[in-house]
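Novice: I'll drop the sequence and a predicted model, then ask my questions.
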Amino acid sequence: MHDLTCPVKVDSSFWTLEDDVMHITLQKREKGQTWPSPIDGQGELDSLSVDHEQRRLMLQRFQEEHPGFDFSQAEFTGICPDPKTFMGGIKH
């Protein structure tokens, strides 16, 4: 048995078996959190991948907070802020 690095929403997480391959879908309990790895001790994202994921989460956050705007072509310059804590954090 392996431990997860972060808590998940159990009711929204599931697994499927297709062509003898198990696919596991985990729903993060905390929105906007970048996981270094889903399973503890099983490799971690490199810094470039972490930055890419934070940019994706930040744009997703902006879209949820401002549904009338289109952020599909938006880009960040420089270091992307942490989407979980930026400007007061995520409103659940």
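Specialist: In hand now; what should we look at?

Novice: got any ranges where this protein has weak pLDDT?
Specialist: Residues of the chain meeting the criterion pLDDT under 70: 1, 91-92.

Novice: what residue is smack in the middle of it?
Specialist: T34 (4.9 Å; Cα atoms, centre = their mean).

Novice: what count of nearby residues applies to D20?
Specialist: 5 (other Cβ atoms under 10 Å). The way it works is simple: take the backbone N, C-alpha and C, and place the C-beta from them, glycine included.

Novice: cool, and T85?
Specialist: T85: 10 neighbours (other Cβ under 10 Å).

Novice: now do the phi/psi pair for it.
Specialist: Here is the backbone geometry of T85 (degrees, to the nearest 10): phi -120, psi -10.

Novice: which residues touch it?
Specialist: T85 makes contact with no residue, according to Cβ atoms under 8 Å, 6 or more residues apart in numbering.
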